[in-house]
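# Structure for the following, please:
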Amino acid sequence: MVAEALSESPQRMLHVLKRQGFQKPAWFTPVEFANSLPNGAMAAAVAEFTSAYNALRFGGRTEAAPRLSLLLDELESGVTVTSKRA
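This next block holds a predicted model:
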């Protein structure tokens with residue numbers, strides 16, 4: 001699950017956002033992109049996803065992997081629930 005979260009999750013999230021009309025400029029960092037989105041549940045989910053991804057990738061916090069999957073499912077369905085920081 002961890003390897004999948006690290007390899008596929010970021011691209012999957014960007015694909016979902018692109019379908020919704022938001023494309024990350026190549027020169028934006030992931031945090032800058034998350035901060036550039038209009039305020040709302042989607043932006044909060046993307047910011048939380050970015051935070052959880054960084055915790056997993058750079059902090060070795062493997063408990064963040066299931067949260068990444070849940071956030072992606074929420075973004076794909078267009079429904080976001082109250083977030084729980086990873």
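# Distance of the residue lying closest to Arg61 once chain neighbours are set aside relative to Arg12?
Nearest residue to Arg61 in three dimensions, chain neighbours excluded: Ala55, at 4.2 Å (Cβ to Cβ, 6 or more residues apart in numbering). C-beta coordinates here come from the backbone N, C-alpha and C atoms, glycine included. Look at Ala55 and Arg12: by Cβ to Cβ, to the nearest Å, they are 18 Å apart.
# Same check on Pro25?
Relative to Arg12, and taking Cβ to Cβ, Pro25 is found at 19 Å.
# Would you map the strands across this structure?
Along the chain, no segments are classed as strands by DSSP state E.
# Quickly note the distance from the most centrally placed residue in the chain to Ser69.
Geometric centre of the chain, nearest residue: Phe49, 3.0 Å, by Cα atoms, centre = their mean. Remark: distance between Phe49 and Ser69 (Cβ to Cβ) = 10 Å.
# what do the two both touch?
Ser9 (Cβ atoms under 8 Å, 6 or more residues apart in numbering).
# ok, Pro25 and Arg12, which is more surrounded?
Relative neighbour count places Arg12 above the other of Pro25 and Arg12, with 17 against 8, counting by other Cβ atoms under 10 Å.
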